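Enquirer: Output the structure for:
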Amino acid sequence: MTEDIINHLRQTRKGAMFIIEAPSGTGKTTVIKEILRQDPNLKFSVSVTTRQKREGEEEGVDYYYISNEEYDALRAEDAFYECVDSQYGSRYG
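Expert: Have a look, this model is predicted:
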């Protein structure tokens, strides 16, 4: 099915955004890496988060790490396609 969608987009020359959302630890990064490996024309969009950077993560690669105040300002400006307040207190957009 994914191949059909990608072929349709190539024929119509329209872009699309795919949002991969799931609970923490469910394999989102693994799925995304495989999709990007299979189609180098797809690009990864780096999200923002208010959580602390984890070991091995890089600013601007894994996330943009921002304060709650910065997040509130961006959300007020409707800057996110999607935003989530997690049950653990971190916020993503």
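Enquirer: Now do Glu82, the pLDDT please.
Expert: For Glu82, the pLDDT comes out at 89.
Enquirer: Equivalent analysis for Glu3, please.
Expert: pLDDT recorded at Glu3 is 70.
Enquirer: now Thr30
Expert: Residue-level confidence at Thr30 comes out at 94, pLDDT.
Enquirer: What helices and strands are in contact with the helix or strand encompassing it?
Expert: According to DSSP states H and E, Thr30 maps onto helix 28-38. Taking 3 or more C-beta pairs under 8 Å, 6 or more residues apart in numbering; DSSP states H and E as contact, there are no helices or strands that helix 28-38 lies on. In this view, the C-beta of every residue, glycine as well, is placed from N, C-alpha and C.
Enquirer: and if we set it to 10 Å?
Expert: helix 2-12 (3 or more C-beta pairs under 10 Å, 6 or more residues apart in numbering; DSSP states H and E).
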